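Q: Need coordinates for the below:
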Amino acid sequence: MSFECKECNESFVSLRSLHAHIKKHGKFLGDYYVDNYQRKDKLTGELIPFKKYDQYFATDFINTRNMKKWCKTAPRAEVKEFIIKTFKEKKEAKGLRGAPPSIYLQTLGIPDIDVCKEVFGSYNEACKQFGMLPMLSGQLPNEFKNDYSDTPILVDTREQKPLYFKNAESLKLDVGDYAVGGDLYDYTFVDRKSYQDFCATVTNGYARFIKELERCRSMGCSLFVVVETAFDKMWANNRAGYKKFNLDYVYHRMREIQAEYSDCCQFVFSGSRRKSEEIIPKILVLGKKLWTVDVQYFWGKQLKEDGLADRETKTKQRVQKYKPVNSRQRGIFGGD
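A: You can find the predicted model right below:
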């Protein structure tokens with residue numbers, strides 16, 4: 001494969017050598033590609049800015065807002081063709097074994113589940129057109145709306161800033177930060193993360209986290225990572241935080257985990273610490289009923305209804321010390 005310079009028609013054996021050559025013409029890479037290829041937003045006709053080579057030629061819109069608006073207004077047949085083509089390209093490029101969950105699609109900037117539902121009738125029907133099965137295809141059980149605030153919660157002894165629960169005890173857990181014991185135990189655990197913790201875990205702590213997921217899979221368990229912020233607030237949190245993260249890289253790592261460990265790991269952006277205290281008992285009590293459900297998709301909708309996706313509630317952080325409990329006494333790992 002050769003790469004030809006559009007300025008002088010000279011050919012190069014690699015993209016890297018072409019890019020080094022372009023500088024000799026006194027041009028920045030962005031100017032070179034925008035001037036010579038002029039890829040335009042399907043909705044507005046504006047020139048798409050160049051960021052990276054792969055991104056430039058895989059992008060049809062300046063932002064996801066334009067993409068969603070185009071999907072609503074363009075001829076339905078054209079929209080279907082675009083979505084099918086996009087998903088099949090991502091399937092091949094990423095080596096996906098199934099159609100990704102909602103947060104994967106959002107961070108990748110391609111048509112999300114709601115767009116697919118509107119165009120194809122359902123996400124399952126869209127997946128058939130892609131030649132894929134959904135990674136998470138289950139329906140949210142009706143019991144999810146129940147109040148589980150009185151549930152006895154087991155908190156890992158190493159949890160630094162434990163959430164507040166009415167009925168909780170301390171126990172060293174093999175996986176995660178929170179679980180339930182006795183008859184409620186259903187091989188389901190929750191790992192609580194602040195915004196900073198989450199970003200650090202999937203980047204600098206990636207290898208260590210993968211080991212935890214491997215252990216979780218070998219035990220036949222499922223781990224829900226509950227992040228104490230709304231997904232829509234991630235960029236604002238990053239700007240305001242004392243440590244800045246490359247969120248594109250954070251999301252890239254998260255997508256890798258979702259693609260490989262969808263059978264034993266989900267990410268849920270709760271909205272706040274208070275909302276984490278609300279959703280964690282639901283996840284732990286319902287357990288296996290949620291393993292195949294895209295919990296983030298349904299919870300994200302709930303946050304928007306509550307007005308928390310755009311505005312996090314400012315609540316006083318409640319931290320409680322829990323008395324220790326014997327693991328055999330609680331029967332968490334199949335004991336009495």
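Q: Low-confidence stretches in this protein?
A: Counting by pLDDT under 70, the ranges of the chain that qualify are 308-336.
Q: Now do the domain split for it, please.
A: Using automatic domain parsing, the domains assigned to the chain come out as 3-57, 64-130, 143-330.
Q: neighbours of I210, just the number please.
A: 16 (other CB atoms under 10 Å). C-beta: built from backbone N, CA, C; applies to glycine.
Q: Please identify the helix or strand for it.
A: Here I210, judged by DSSP states H and E, is contained in helix 206-218.
Q: list the buried ones in that helix?
A: The neighbour-count check on helix 206-218 (16 or more other CB atoms under 10 Å) flags F209, I210, E212, L213, C216 as buried.
Q: wait, what's in contact with the closest residue to the first one other than its chain neighbours?
A: It refers to F209. Using CB to CB, 6 or more residues apart in numbering and skipping the chain neighbours, the partner closest in space to F209 is T201 (5.2 Å). By CB atoms under 8 Å, 6 or more residues apart in numbering, the residues touching T201 are K193, F209, V225.
Q: is it true that F189 lies in a helix?
A: No - assigned with DSSP: H, G, I helix; E, B strand; the rest coil, F189 falls outside any helix and is strand.
Q: List phi and psi for S170.
A: Dihedral angles of S170 (phi, psi; degrees, to the nearest 10) stand at phi -100, psi 140.
Q: F50 versus the residue nearest the centre of the chain, what's the distance?
A: For the chain, I103 is the residue whose C-alpha lies nearest the centre (CA atoms, centre = their mean; 3.7 Å). According to CB to CB, to the nearest Å, I103 stands 27 Å off from F50.
Q: repeat for A58
A: Distance of A58 to F50, computed by CB to CB: 12 Å.
Q: Compare the two (neighbour count), which wins?
A: Using other CB under 10 Å as the criterion, A58 and F50 rank with F50 on top: 20 against 15.
Q: Just say helix, strand or coil for that one.
A: F50 ends up coil, using three-state DSSP.
Q: Now do the same contact list for the spatially closest residue to it that is not a sequence neighbour.
A: Spatial nearest neighbour of F50, chain neighbours left out: G30 (3.9 Å); criterion: CB to CB, 6+ apart. Residues in contact with G30 (CB under 8 Å, 6+ apart) are P49, F50, K51.
Q: Can you add distance to D147 and give these back as JSON lines?
A: Formatted as JSON lines, those follow (distance: CB to CB, whole Å):
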{"residue": "P49", "distance to D147": "48"}
{"residue": "F50", "distance to D147": "51"}
{"residue": "K51", "distance to D147": "46"}
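Q: Out of these, flag the one nearest to N63.
A: Nearest to N63 among the contacts of G30 is P49, at 10.4 Å by CB to CB.
Q: in stretch 64-78, what counts as buried?
A: Quick answer for stretch 64-78 (16+ other CB under 10 Å): T64, N66, M67, K68, W70, C71.
Q: which stretches of the chain form strands?
A: Here the chain has its strands, by DSSP state E, at 3-4, 11-12, 153-155, 168-170, 178-179, 188-193, 222-227, 265-269.
Q: Next, the angle from the last one to strand 222-227.
A: So that's strand 265-269. Between the axes of strand 265-269 and strand 222-227, defined by axes from the mean of the first three to the mean of the last three CA atoms, to 10 degrees, the angle is 20 degrees.
Q: Packing partners of strand 265-269?
A: The helices and strands touching strand 265-269, judged by 3 or more CB pairs under 8 Å, 6 or more residues apart in numbering; DSSP states H and E, are strand 222-227, helix 247-261, helix 295-306.
Q: Select, out of those, the one closest to E78.
A: helix 295-306 (26.1 Å).
Q: From the rest of the structure, what touches that closest one?
A: 101-103, 113, 140, 144, 224, 230-231, 266-271, 275, 279, 283, 309-310.
Q: Output it as CSV - backbone C-alpha positions only.
A: Provided in CSV are the C-alpha atoms of helix 295-306 (Å, rounded to 0.1, in the frame of the first residue of the first chain):
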residue,chain,number,x,y,z
VAL,A,295,-28.2,-0.9,33.8
GLN,A,296,-26.5,2.3,32.7
TYR,A,297,-29.0,2.8,29.9
PHE,A,298,-32.0,2.6,32.2
TRP,A,299,-30.4,4.4,35.1
GLY,A,300,-29.2,7.3,32.8
LYS,A,301,-32.8,7.8,31.8
GLN,A,302,-33.9,7.8,35.4
LEU,A,303,-31.3,10.5,36.2
LYS,A,304,-32.6,12.7,33.3
GLU,A,305,-36.1,12.3,34.7
ASP,A,306,-34.8,13.3,38.1
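Q: Buried ones in it, by neighbour count?
A: For helix 295-306, by 16+ other CB under 10 Å, it's V295, Q296, Y297, W299, G300, Q302, L303.
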